[in-house]
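*Asks:* structure here, sequence nowhere to be found:
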Ligand code: ZN
């Protein structure tokens, strides 16, 4: 016998059903809101404020790097690293070569870091009417755990090349002196936090990465560009009338310390001279390549740091030739300057070196103190800094730390950071002379 429900029972059940429906409805709306937020609310680069049309069109490629993108997991390979495709090759072979080079460097950097195992990159190029080609690389990294990619971070790097000479160029070649003020006025106080910039036509676009690893872009108005952009971008520009300093680093290539030195030089568009020891090169060829790509000068510092004044003729020849060969093999061109170990040299050695011989006038004694503050003070407290050649070593963390203070200080105080050859040329009007000894250009 089936029990018949009373009117009240039916009414109560109806109420419960309605309540359940309402709860489910609310839950559905809530879940939908979360889905919408995760998918669209979180940092679509194209919806960021202040994005220009140009930036939108360029940066739209970053969109594939959204954190929920499945491409990243597909990218996983046995080596725990993968590279996504990038846009069609541009018409300049050297830019394509640079693109491959910088992506390789990025892979090394991220693998070395040990933390990020998966990498996606995308690269776009754009030309300006000032004979430059810009390369913008966006990338995404993550950790792979149980076939899930977590801890995803996005980054961006920008490079600008001289279309004619194919050299990479920095801000002081592109821009006039008032450019920093212009930049500050346009981008506001946070302008130094930019991670990359590119030039397209007359426009200049800056890219920022926020704490949540979203990439945003900000553009400087094209109308005023001739006020602060140079008309011709031919070679590295050094103003002979402005103060300059040649930072030099011996005994490398170093590992992380040298990477830090390159990073801060790159950030402030400074260059330095690296005197490499031949026996140190193996496995660190990428540092020499980076020096070359960043317009730094590459010097020889003998094969394994002997006191050359006590070497036999044969040994001297070996110390010089073997080092030249290993540097050339690493980056495609040999050293352009020479620094004898311990600064110990004589006429015979200078003649055999067959390169300008570079000593120094500011000895930071960084190898001895290993104290970043002391090293920093040795440079910035110097009364006659203009024209100086500063001796440091790229193999110490303390020197890297000091450089991270010295470079911004020099930049802020109006010093141009130049290579030793640029210093000599700017101060004498002539190229450095083979076998001649230079200690400073003050
Ligand atoms: Zn040395």
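*Replies:* Here it is on my side, so go on. What you are looking at is a predicted structure, and each value in this text was computed from that prediction instead of being measured.

*Asks:* who in the protein is up against the ion?
*Replies:* 250-251, 341 (Cβ under 5 Å from the ion). Where C-beta positions appear, they are placed from N, C-alpha and C, glycine not excepted.

*Asks:* got a list of what the closest residue to the ion within the chain touches?
*Replies:* Of all residues in the chain, the one sitting closest to the ion is residue 250 (4.0 Å; Cβ to the ion). Shown here is residue 250, whose contacts under the criterion Cβ atoms under 8 Å, 6 or more residues apart in numbering are 275, 277, 301, 339, 391-394.

*Asks:* save those as CSV, and put in secondary structure and pLDDT too.
*Replies:* Rendered in CSV, the data for the contacts of residue 250 read as follows (DSSP: H, G, I helix; E, B strand; the rest coil; pLDDT from 0 to 100):
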residue, secondary structure, pLDDT
275, strand, 98
277, coil, 98
301, coil, 98
339, coil, 98
391, strand, 98
392, strand, 98
393, strand, 98
394, coil, 98
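
*Asks:* would you turn those residues into JSON lines with neighbour count and distance to residue 372?
*Replies:* Formatted as JSON lines, the contacts of residue 250 follow (neighbours: other Cβ atoms under 10 Å; distance: Cβ to Cβ, whole Å):
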{"residue": "275", "neighbour count": "27", "distance to residue 372": "21"}
{"residue": "277", "neighbour count": "21", "distance to residue 372": "23"}
{"residue": "301", "neighbour count": "28", "distance to residue 372": "22"}
{"residue": "339", "neighbour count": "27", "distance to residue 372": "23"}
{"residue": "391", "neighbour count": "23", "distance to residue 372": "16"}
{"residue": "392", "neighbour count": "29", "distance to residue 372": "11"}
{"residue": "393", "neighbour count": "21", "distance to residue 372": "13"}
{"residue": "394", "neighbour count": "29", "distance to residue 372": "14"}
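
*Asks:* now residue 121: which helix or strand?
*Replies:* For residue 121, the element it lies in under DSSP states H and E is strand 118-127.

*Asks:* partners of the residue of the chain closest to the ion in the sheet?
*Replies:* For residue 250, the beta-bridge partners under DSSP bridges are residue 275, residue 393.

*Asks:* find me the pLDDT at it, would you?
*Replies:* Per-residue pLDDT puts residue 250 at 98.

*Asks:* and residue 325, by the same measure?
*Replies:* The pLDDT attached to residue 325 in the predicted structure is 96.

*Asks:* please apply the same query to the one 10 residues further on.
*Replies:* With respect to pLDDT, residue 335 scores 96.

*Asks:* that one in helix, strand or coil?
*Replies:* Using DSSP: H, G, I helix; E, B strand; the rest coil as the criterion, the local structure at residue 335 reads coil.

*Asks:* count the neighbours of it for me.
*Replies:* Residue 335 sits with 25 neighbouring residues when counted by other Cβ atoms under 10 Å.

*Asks:* now the one 3 residues further on
*Replies:* Counted by other Cβ under 10 Å, the residues lying close to residue 338 total 26.

*Asks:* just the one 4 residues further on next, same as before
*Replies:* Neighbour count for residue 342, taken as other Cβ under 10 Å: 12.

*Asks:* and it, that's in a helix?
*Replies:* Yes. When classified by three-state DSSP, residue 342 is found to be part of a helix.

*Asks:* which non-adjacent residue is nearest it?
*Replies:* Once its chain neighbours are removed from consideration, residue 342 has its nearest residue in residue 307; the separation is 6.1 Å (Cβ to Cβ, 6 or more residues apart in numbering).

*Asks:* ends of stretch 282-296, how far apart?
*Replies:* Criterion Cα to Cα, to the nearest Å; first-to-last residue distance in stretch 282-296 is 20 Å.

*Asks:* tell me which residues in it are buried?
*Replies:* By neighbour count on 16 or more other Cβ atoms under 10 Å, the buried set for stretch 282-296 is 284, 286-296.

*Asks:* how about these, which pair is most distant?
*Replies:* For the buried residues of stretch 282-296, with distances taken as Cβ to Cβ, the pair at the greatest spread is 284 and 295 (19.2 Å).
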